[in-house]
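**Q** Provided below for reference: sequence and predicted model.
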Amino acid sequence: MSADNLIFKHLPYQVRSRLNEFTGAELKVWLCLLSHANSKHDGKAFPGISLMVRETGLSKHGVDNAIGGLKDKGWIVRSSTYSRATGQRTAASTWCKWAPAISGSHWERIMNHVSKSGAR
C-alpha cells in the first residue's frame, strides 16, 4: 500500500488539545487499543499483552505501566472477569475513550447529562 492510498482521519479537537497528557508509551498503547476497539462490543478492545508488546515495540512492563497511566488519567476503563473456582482473572476488557472530560468543562456537563439520561 502506498502512502497515497492511506486515509488519515483527524483526531477530534478534545483529543488533539490534550496530547500533552500522554507519555510516549501511553500514546502507543492507546492507539493500539483504539485500533483493536470493536464497534460490535461498544468499543471494547481485547488485545492481549503479548500482542500489544509486538505492535507497540514496548516491553511487557512498559505496556503494563502505560495501561496503568491511561487508566489513572481516565483515557481507558478496564474491567475483568474472575473465575469463581480459582479467584484468578480470566479475561479483561478495555474501553477506550476519546477524551476524559475536564472538570467544569462544557464537555463534562454534556457527559454528565448523557449518563444521567441513560443515553449512549
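**A** Now that the structure is in, tell me what you want to look at.

**Q** Quick one: the strands in the protein, in order.
**A** 44-45, 76-82, 89-96 (DSSP state E).

**Q** So residue 46 sits against residue 37, correct?
**A** No. Between residue 46 and residue 37 no contact is recorded; they are 9.3 Å apart, counting by C-beta atoms under 8 Å. To be clear about C-beta, it is placed using only N, CA and C from the backbone, and glycine gets the same treatment.

**Q** Could you measure from residue 27 over to residue 11?
**A** 11 Å (C-beta to C-beta, to the nearest Å).

**Q** For beta bridges, what are the partners of residue 44?
**A** Note on residue 44: beta-bridge partners by DSSP bridges are residue 38, residue 95.

**Q** you'd agree it is up against residue 37?
**A** Yes. Here residue 44 reaches residue 37: they are 6.8 Å apart, a contact under C-beta under 8 Å.

**Q** give the contact list for residue 64.
**A** Applying C-beta atoms under 8 Å, 6 or more residues apart in numbering to residue 64 gives the contacts residue 49.

**Q** ok, residue 27 and residue 11, which is more surrounded?
**A** residue 27 (16 against 13; other C-beta atoms under 10 Å).

**Q** State the distance from that one to residue 15.
**A** 11 Å.
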